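*Asks:* Structure, please.
(one chain, ligands or ions: 1)
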Amino acid sequence: MGLNFFNAELKCSNCGKVLNSGDEIVVHITLPSQKKMPVGILDKVLSKHSDKVYCKKCSE
Ligand SMILES: [Zn+2]
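*Replies:* Coordinates of the predicted model:
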């Protein structure tokens with residue numbers, strides 16, 4: 001176990017690569033209504049609300 005910025009693991013939806021702090025990522029996310037706008041720790045919000053997350057390689 002090394003130092004890891006993320007509490008929850010974010011993985012690339014295409015290749016399954018684990019995305020770590022410092023990686024560039026591309027997120028496809030559907031914005032909810034303003035009342036339900038997610039606010040919180042970014043990685044948790046992403047893993048909960050994002051439709052797709054891609055590593056830089058798969059986003060190109
Ligand atoms: Zn990938």
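*Asks:* For the lowest-mean-pLDDT helix or strand in the chain, what is the distance to the chain centroid?
*Replies:* In the chain, the helix or strand scored least confidently by mean pLDDT, DSSP states H and E is helix 42-49, which has a mean of 77. Centre-to-centre, helix 42-49 and its host chain are 6 Å apart (C-alpha atoms, centre = their mean, to the nearest Å).
*Asks:* residues of that helix that come out buried?
*Replies:* 43, 46-47, 49 (16 or more other C-beta atoms under 10 Å). For every residue, glycine as well, the C-beta is placed using N, CA and C.
*Asks:* so what does it touch, helix or strand wise?
*Replies:* In terms of contacts (3 or more C-beta pairs under 8 Å, 6 or more residues apart in numbering; DSSP states H and E), helix 42-49 is packed against strand 10-11, strand 25-29.
*Asks:* Pick out whichever of the buried residues of helix 42-49 sits closest to Q34.
*Replies:* H49 (14.1 Å; C-beta to C-beta).
*Asks:* And the closest one, how far from K57?
*Replies:* Distance of H49 to K57, given as C-beta to C-beta, to the nearest Å: 23 Å.
*Asks:* for the spatially most central residue of the chain, what are its contacts?
*Replies:* Residue closest to the average C-alpha location in the chain (C-alpha atoms, centre = their mean): L46, at 4.3 Å. Counting by C-beta atoms under 8 Å, 6 or more residues apart in numbering, L46 touches 10, 27, 29, 53.
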